[in-house]
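In: sharing a model prediction with you, sequence too.
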There are 2 protein chains.
Amino acid sequence: MPAQQPQPPSTPRDRAVEPAFRAMLRSYGQLQRVMHPYFAAHGLTGSQWGVLRTLHRAEAQGLPALRLVDLSDRLIIRPPSVTGAVDRLQRMGIVTRSGSDEDHRVKRVSLTPRGRRLVERVLAGHPRQMRVVLSVLTGADLANLRRLHEKLAAHLETLANPGKTQSRKTDNQDPVRRRRPAGTRGEEPR
Amino acid sequence: MPAQQPQPPSTPRDRAVEPAFRAMLRSYGQLQRVMHPYFAAHGLTGSQWGVLRTLHRAEAQGLPALRLVDLSDRLIIRPPSVTGAVDRLQRMGIVTRSGSDEDHRVKRVSLTPRGRRLVERVLAGHPRQMRVVLSVLTGADLANLRRLHEKLAAHLETLANPGKTQSRKTDNQDPVRRRRPAGTRGEEPR
DNA sequence: CTGAATTAGTTAGCTAACTAACATCTTCAT
DNA sequence: ATGAAGATGTTAGTTAGCTAACTAATTCAG
């Protein structure tokens, strides 16, 4: 447990880490600001759109109505967040929640007819909005952005879920020091 | 019944837009999950760390204590969010809020000695954490990531603030007499 | 078959962000 | 000098995410 003091060997790559990190966070924040009014014009939020798009896509693929836990997996948010999001969409009359006969624990979420019309209305203008948002990037930029973020997301997933059988290819030589023992709940510093 | 609306002329670049978009959102979500326990181990959240790092940096630059609105500008969050964040940090004994004699509207936020020690403790391990998080990217990747996101953030900023001038010099340089832009296109879009 | 473990979903309580509306103080133009 | 406009910060109310702890249903080991 060395009391760390010197900046570790600072290679050029190391020095590139923080600016990249900050640029990423910054553009994400701005993205939220741009998308918010766009979705609001349809009476939605970005998160709600995520739920609707996911349901619509599953429907188009002929899958049975998704369970809450399926939404949780696809949206990469935890179950309690799904409960809340679906609550609100249900209150708006855009989705329904129905019990399953097979398994009495599960509830399946479906678009209502009205919800389906809404999704299609949004979808009609959606590619255009995304093009506007990313219009500053060239085709090569987009390919790079995608590649970098897919790489990064895969890496972060292994960091976020230690002990999940992801793939034994994992480069283990740089283990994050945070083996969460049980609850990593921050103890109120008071 | 899928596929109804006339998708606008779909060039290869257009088709690259959505995957890039989604990869970006996905990696951001994963990033949150990875960083949360890291900050929690210090009794902090990511947003709180943003405030503390900003205060610490301004201090190191010899600037006078930042106003809430300075924090709002630098963190790119709206004033009410700053109020709440500072409230909580203050309750934890990590920062103080003090009125100004020059301008009785402003309140200045400073790190307490305890807050300063906390920042330095986090800072000691922070470069390492960022390197771990981005360890999957090469030096060239990092340079690209930065370039793409700086480009994107600048574009999004113009989309988010239509009719704003770019130069952000409205800072804290002259705390005593700040002649400020008289001519105002204060187009605060509601 | 029975009891332990697992899975699906919810509730409670927290932080973080937002908009809208407001009080207060300052600056500026008339 | 005064009144309008702008700047600073807060309050109120909403959504979204989280962890922890819970209930209820299912599955599985012995």
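Out: It's in.
In: near DNA strand D, which residues of chain A?
Out: By CB under 7 Å from any atom of the strand, the part of chain A that sits against DNA strand D consists of A:45-48, A:50, A:75-78, A:80-81, A:84-85, A:88, A:102-105, A:182-185. Backbone N, C-alpha and C define where each C-beta goes, glycine included.
In: what about chain A, any weak spots by pLDDT?
Out: Scanning chain A for pLDDT under 70 picks out A:1-9, A:162-190.
In: among the residues of chain A next to DNA strand D, which lie within helices?
Out: Mapping those onto helices (DSSP state H) picks out A:Gly46, A:Ser47, A:Gln48, A:Gly50, A:Leu75, A:Pro80, A:Ser81, A:Gly84, A:Ala85, A:Arg88.
In: and the residues you listed, which of them are buried?
Out: A:Ser47, A:Gln48, A:Gly50, A:Leu75, A:Ala85 (16 or more other CB atoms under 10 Å in any protein chain shown).
In: dump those residues into JSON lines; add distance to B:Arg121 as well.
Out: JSON lines is the format used below for these (distance: CB to CB, whole Å):
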{"residue": "A:Ser47", "distance to B:Arg121": "34"}
{"residue": "A:Gln48", "distance to B:Arg121": "40"}
{"residue": "A:Gly50", "distance to B:Arg121": "37"}
{"residue": "A:Leu75", "distance to B:Arg121": "35"}
{"residue": "A:Ala85", "distance to B:Arg121": "37"}
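In: circling back: and the furthest pair within the ones in helices among the residues of chain A next to DNA strand D?
Out: Within these, A:Gly46 and A:Pro80 form the most distant pair, 18.4 Å apart (CB to CB).
In: quick one: residues contacting the nearest residue to A:Arg131 once chain neighbours are set aside.
Out: Of all residues not flanking A:Arg131 in the chain, B:Val17 sits nearest, at 5.6 Å (CB to CB, 6 or more residues apart in numbering or on different chains). By CB atoms under 8 Å, 6 or more residues apart in numbering or on different chains, the contact list for B:Val17 reads A:Pro127, A:Met130, A:Arg131, A:Leu134, A:Leu142.
In: around DNA strand C, pick out the residues from chain A.
Out: With CB under 7 Å from any atom of the strand as the criterion, chain A meets DNA strand C at residues A:29, A:32-33, A:36, A:67-70, A:72, A:79-80, A:82-84, A:86, A:97, A:103, A:105-108.
In: hmm, try it at 6 Å
Out: A:Arg67, A:Leu68, A:Val69, A:Pro79, A:Pro80, A:Thr83, A:Arg97, A:Arg105, A:Val106, A:Lys107 (CB under 6 Å from any atom of the strand).
In: are any of those buried, and which?
Out: Among the residues of chain A next to DNA strand C, the ones that count as buried by 16+ other CB under 10 Å are A:Arg67, A:Leu68, A:Val106, A:Lys107.
In: secondary structure for those residues - can I get that in a markdown table?
Out: Formatted as a markdown table, these follow (DSSP: H, G, I helix; E, B strand; the rest coil):
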| residue | secondary structure |
| --- | --- |
| A:Arg67 | strand |
| A:Leu68 | helix |
| A:Val106 | coil |
| A:Lys107 | strand |
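In: could you check which helix or strand contains A:Ser110?
Out: strand A:107-111 (DSSP states H and E).
In: next, the buried residues of that strand.
Out: Here strand A:107-111 shows A:Lys107, A:Val109, A:Ser110, A:Leu111 as buried, counting by 16+ other CB under 10 Å.
In: before we move on, what about stretch A:143-152?
Out: A:Ala143, A:Asn144, A:Leu145, A:Arg146, A:Leu148, A:His149, A:Glu150, A:Lys151, A:Leu152.
In: among those, which are in helices?
Out: Using DSSP H, the buried residues of stretch A:143-152 in helices are A:Ala143, A:Asn144, A:Leu145, A:Arg146, A:Leu148, A:His149, A:Glu150, A:Lys151, A:Leu152.
In: the last one contacts B:Leu142, doesn't it?
Out: What it means is A:Leu152. No. If you go by CB atoms under 8 Å, A:Leu152 and B:Leu142 don't touch, sitting 10.5 Å apart.
In: who touches both of the two?
Out: Shared contacts of A:Leu152 and B:Leu142 (CB under 8 Å, 6+ apart): B:Leu134.
In: what sits against A:Thr138?
Out: Per CB under 8 Å, 6+ apart, neighbours of A:Thr138: B:Arg13.
In: now do 10 Å
Out: Residues in contact with A:Thr138 (CB atoms under 10 Å, 6 or more residues apart in numbering or on different chains) are A:Asn144, B:Arg13, B:Ala16, B:Leu148, B:Lys151.
In: look up phi and psi at it.
Out: The phi and psi torsions at A:Thr138 (degrees, to the nearest 10) take the values phi -80, psi 170.
In: helices along chain A, start to end?
Out: Using DSSP H, helices in chain A cover A:12-40, A:46-60, A:68-75, A:79-91, A:113-133, A:139-160.
In: make a markdown table out of those and add distance to B:Leu159.
Out: Converted to a markdown table, the helices of chain A look like this (distance: least, CB to CB, whole Å):
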| stretch | distance to B:Leu159 |
| --- | --- |
| helix A:12-40 | 5 |
| helix A:46-60 | 15 |
| helix A:68-75 | 25 |
| helix A:79-91 | 26 |
| helix A:113-133 | 7 |
| helix A:139-160 | 17 |
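In: closest to B:Arg117 out of these?
Out: Nearest of these (CB to CB): helix A:12-40, 21.9 Å.
In: in the closest one, what counts as buried?
Out: Buried, per 16+ other CB under 10 Å, within helix A:12-40: A:13-14, A:16-21, A:23-31, A:33-35, A:38-39.
In: next one: it to chain centre, how far?
Out: On the basis of CA atoms, centre = their mean, to the nearest Å, helix A:12-40 sits 15 Å off its chain's mean C-alpha point.
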